[in-house]
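Engineer: predicted model follows, preceded by the sequence.
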Amino acid sequence: MELKGAEILVDGLKREGVEYIFGVNGGAAMPIFDALYGETEIKLIPMRHEQGASHAADGYARATGKVGVALATSGPGATNLVTGIATAYMDSIPMVAITGQVFTHYIGSDAFQECDVIGVTRPICKHSYLIKSSDEIADVVAEAFHIAKTGKPGPVIIDIAKDAQNNEAVFEYPETVDIRSYKPQVHGDRDQIAKAAALIKEAKRPMLYAGGGVVLANASEELRQLTLNTQIPITVTLMGLGAFPETHPLAMEMPGMHGSCCANYAFTDSDLIIAVGARFDDRVTGDLSKFAPNAKKIHIDIDASCIGKNVPVDVPIVGDAKSVLTELNKQVSTADIDPWRDQIQEWKQKYPFEYEQKSDIVMPQYVIEKIYEHYSDAIVVADVGQHQMWAAQYFKFTEPRQWLNSGGLGTMGFSLPAAIGAQLGCPDKTVVNINGDGSYIMTIQELVPAITMKLPLKVFIINNMYLGMVRQWQELFHGKRYSAVDYHDNPDFALLAQAFGATGLRVEHPEDVEPALQKAKGITDGPVVIDFIVDEEENVFPMVPAGKGLGDVIRGLS
Amino acid sequence: MNPEERHIFSVLVENRFGVLARVAGLFSGRGFNIDSLNVAETHDKSISHITLVTHGDAQIIDQIYQHLNRLIDVIEVTDLSTAGTHVERELVLIKVATDDPQKRTEILQVSEVFRGRVIDMKPASLVLEITGDEGKLKAAIDIFNTYGILELARTGKIAMLRGSDF
């Protein structure tokens, strides 16, 4: 039977099990939106800005592990998706972004709302397709989903000319996908895994260093087994939080620029680092010449190009974390490293995350601690900035996919739309959005669809009336010259929430934090926004200044 | 700083629009250099062969290899500089000024030495085709420069591994 290209697309998306499409309508995508009209199997979620659509698709993917789908029109619709695509690319999130394109005979003519979206997105996607004919659509959809979710996941773009959406073709959906040039390696090399096991046996000061790859590979269980089997202390990066429970005695909490002193000192003193799905990012390692000078490195990663990119590696293992850890678990036993474990415990006790409580003003860390007390099982979606670091430090994550944040690109504005995607993907979970005053207003418009859908999001704004992280750097490194970071002209976010149609609360005193959080719990018929007015010039510590070694950490409180 | 080396990559890719842009983008986005690049369809119309010459230290060469492999449309990558012995050729077209007959005779004799072929001849110039490896072409170009090169075009290297012995 012949179907219109747009109908073929929608049928293909159904075959891929798509539940939600996040989009904004526009001229060159109208046939696709038309094909989705009245559709029950796939729910179309109209967002208020294409950036919101791409972040919502991303949040859905992070929370569920399934492929998120965003849809926009050509030109500005497509360029507005770009930040969300780049965000997903940096964190290896499986996503398919569909964009309408002008008619094929207009392509290249500077037509109205024409943009070479394939060209624009080339360095920020895993792969992309320009479809000029209806009969290509079914195969491309199947390939795009296969590529997005296998190997190292990532966003794939499908740009479809409007005539290809309109013209008819036979719908034949491929049962299997076989791409001769794309065969991701799943299983690690046996000899390399044996070498890794031997190094683990010999090490006196070994540590596990796990990242977001463990979450993406659904390998948290295998990571837990490895940690428990070997009793080796573990640090989990910002992207991996929850892959190993932070409440466990072996957990050293996150490493890096604002990580725990314990994890950073451990890197510096360690003689063996077992990296799993982590990429020795500059925010983790600090000055590379001073990073882990005494440690051999085992690096397990699905992406061969990630291994040895920043740090020389002794035992590279290319493969899926779940498969490799399963194999490695068969070859390891409890490590005989009591003095090292004692050292770790000593650092942990000596240098916890800490702040100075004040009686007259709300401390941001205090808010996070209270959020943790009240919402320890929630999915936490953070934005980017100081509040993100405090949330990472003071909320103790115990499950994978419990903590969503834009770690790689550091995209402000990510969290509110991502929380919408997460809530739709996980309707039985409470979704807490920890936001900053700067980042919240960047995508505040997405409160509208959240209200329309009556999503019970808990939007908690850590409001210090500054672009706080930048202000902190200005305070420390630019002589307190607060250039373009003063946000005292913020609107009243509680009133603004009410104007949108949500519940809005404002908290200015420490004693009001708990009652407000309690009240928020009871509101389940829509979003609640709490504007926590916090200490304006509180800084995030510990801090390893950019370019310094991990040993040069500024601990903050004396 | 580790020593820089020249490497020749032989890359088989899907013969589709946009593939070359992905390969080139991989270099431009990371600040790696392409010294020469040759792309053409193979005997299998669905596959194009790219011969790419680049340079960098061992870590950069490894990154180039890995990132080429990571591109979805790349079928196979071979670093010819490390994968075994290979053969390579390059073709150059040189238009040389031949303003007097004496000079023309000389140029034709020199061309013989390089096994060049004359593919166009006009009263004041001729076009030579010379193939060979980089060293030979450089020698030829240096000599013809002394006669006055009007125009020059070269293909960039094409290369492949030698066949196996059995």
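Structural biologist: Structure's in. What do you need? Numbers count the residues shown, from 1 in each chain, chains lettered A, B, ... in the order given.
Engineer: every contact and neighbour count from this point should use C-alpha atoms.
Structural biologist: Will do.
Engineer: show me where chain B has strands.
Structural biologist: B:5-14, B:34-41, B:47-56, B:74-79, B:86-97, B:117-122, B:125-132, B:149-154, B:158-161 (DSSP state E).
Engineer: and chain A, which of the ones you listed is closest to it?
Structural biologist: Closest of these to chain A is strand B:74-79, at 4.1 Å (criterion: CA to the nearest CA).
Engineer: got the CA coordinates for that closest one in CSV?
Structural biologist: Written as CSV, here are the backbone C-alpha positions of strand B:74-79 (Å, rounded to 0.1, in the frame of the first residue of the first chain):
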residue,chain,number,x,y,z
VAL,B,74,33.5,4.8,6.8
ILE,B,75,33.8,1.1,5.8
GLU,B,76,37.6,0.5,6.4
VAL,B,77,40.6,2.5,7.4
THR,B,78,44.2,1.4,6.8
ASP,B,79,47.2,3.4,8.0
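Engineer: for it, which strands pair with it and how are they oriented?
Structural biologist: Pairing partners of strand B:74-79, with direction, according to DSSP bridges: strand B:5-14 (antiparallel).
Engineer: could you give the mean pLDDT of the strand it pairs with?
Structural biologist: Mean pLDDT, taken over the full extent of strand B:5-14, equals 96.
Engineer: residues of it that come out buried?
Structural biologist: Of all the residues in strand B:5-14, those buried under the rule 16 or more other CA atoms under 10 Å in any protein chain shown are B:H7, B:I8, B:F9, B:S10, B:V11, B:L12, B:V13, B:E14.
Engineer: then stretch B:85-99?
Structural biologist: Residues of stretch B:85-99 classed as buried by neighbour count (16+ other CA under 10 Å): B:E88, B:R89, B:E90, B:L91, B:V92, B:L93, B:I94, B:K95, B:V96, B:A97, B:T98.
Engineer: any idea how far it is from the middle of the chain?
Structural biologist: Taking the mean C-alpha point of stretch B:85-99 and that of its whole chain, the gap between them comes to 10 Å (CA atoms, centre = their mean, to the nearest Å).
Engineer: neighbouring contacts of that stretch?
Structural biologist: Stretch B:85-99 is contacted by residues B:80, B:104, B:123-134, B:137, B:144, B:147-162 when judged by CA atoms under 8 Å, 6 or more residues apart in numbering or on different chains.
Engineer: domains of chain B?
Structural biologist: If the domains of chain B are taken from automatic domain parsing, they occupy B:5-79, B:87-161, with pieces of a single domain joined by a plus sign.
Engineer: dump the ones you listed into CSV; add distance to A:P312 as well.
Structural biologist: Rendered in CSV, the data for those read as follows (distance: least, CA to CA, whole Å):
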stretch, distance to A:P312
domain B:5-79, 9
domain B:87-161, 30
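Engineer: to A:L228, which of the ones you listed lies closest?
Structural biologist: Ranking these by distance to A:L228, with CA to CA as the measure, places domain B:5-79 first at 33.7 Å.
Engineer: what about the closest one, how long is it end to end?
Structural biologist: Start-to-end span of domain B:5-79 (CA to CA, to the nearest Å) is 12 Å.
Engineer: cool, stretch A:240-260 as well?
Structural biologist: Taking CA to CA as the measure, stretch A:240-260 stretches 15 Å from start to finish.
Engineer: could you list the buried residues of it?
Structural biologist: Of all the residues in stretch A:240-260, those buried under the rule 16+ other CA under 10 Å are A:240-246, A:250-260.
Engineer: also stretch B:15-27?
Structural biologist: Here stretch B:15-27 shows B:N15, B:G18, B:V19, B:L20, B:R22, B:V23, B:G25, B:L26, B:F27 as buried, counting by 16+ other CA under 10 Å.
Engineer: let's see which of those end up in helices.
Structural biologist: The subset of the buried residues of stretch B:15-27 located in helices under the criterion DSSP state H comprises B:V19, B:L20, B:R22, B:V23, B:G25, B:L26, B:F27.
Engineer: for the host helix or strand of A:T227, give the mean pLDDT please.
Structural biologist: Taking DSSP states H and E as the definition, A:T227 sits inside helix A:220-230. pLDDT averaged over helix A:220-230 equals 98, rounded to a whole number.
Engineer: now for it, which elements pack on it?
Structural biologist: Using 3 or more CA pairs under 8 Å, 6 or more residues apart in numbering or on different chains; DSSP states H and E as the contact criterion, the neighbours of helix A:220-230 among helices and strands are helix A:321-329.
Engineer: give the burial count for whatever residue of the stretch 101-250 of chain A ends up closest to chain B, as a bare number.
Structural biologist: Closest approach of the stretch 101-250 of chain A to chain B (CA to the nearest CA) occurs at A:S181, with a separation of 4.1 Å. Burial of A:S181 is recorded as 17 neighbouring residues (other CA atoms under 10 Å in any protein chain shown).
Engineer: using the three-state scheme, assign it.
Structural biologist: Reducing the assignment to helix, strand or coil with DSSP: H, G, I helix; E, B strand; the rest coil, the entry for A:S181 is coil.
Engineer: again with the one 4 residues further on
Structural biologist: A:Q185 falls in the coil class when you classify it by three-state DSSP.
Engineer: how far away is it from B:G18?
Structural biologist: From A:Q185 across to B:G18, the span is 25 Å (CA to CA).
Engineer: how does chain A divide into domains?
Structural biologist: Following automatic domain parsing, chain A resolves into domains at A:2-170, A:190-350, A:364-533.
Engineer: buried sites along stretch A:323-340?
Structural biologist: Neighbour counts using 16+ other CA under 10 Å place A:324-329, A:331-333, A:335-337, A:340 of stretch A:323-340 among the buried residues.
Engineer: so what touches that stretch?
Structural biologist: For stretch A:323-340, with CA under 8 Å, 6+ apart as the criterion, the contacting residues are A:186-188, A:193-194, A:196-197, A:200-201, A:204-205, A:219, A:222-223, A:225-226, A:229-232, A:300.
Engineer: report the rounded mean pLDDT for it.
Structural biologist: Stretch A:323-340 comes out at a mean pLDDT of 97.
Engineer: next one: that stretch to chain centre, how far?
Structural biologist: 28 Å.
Engineer: so A:N264 is in which element?
Structural biologist: Remark: A:N264 resides in helix A:261-269, with elements defined by DSSP H and E.
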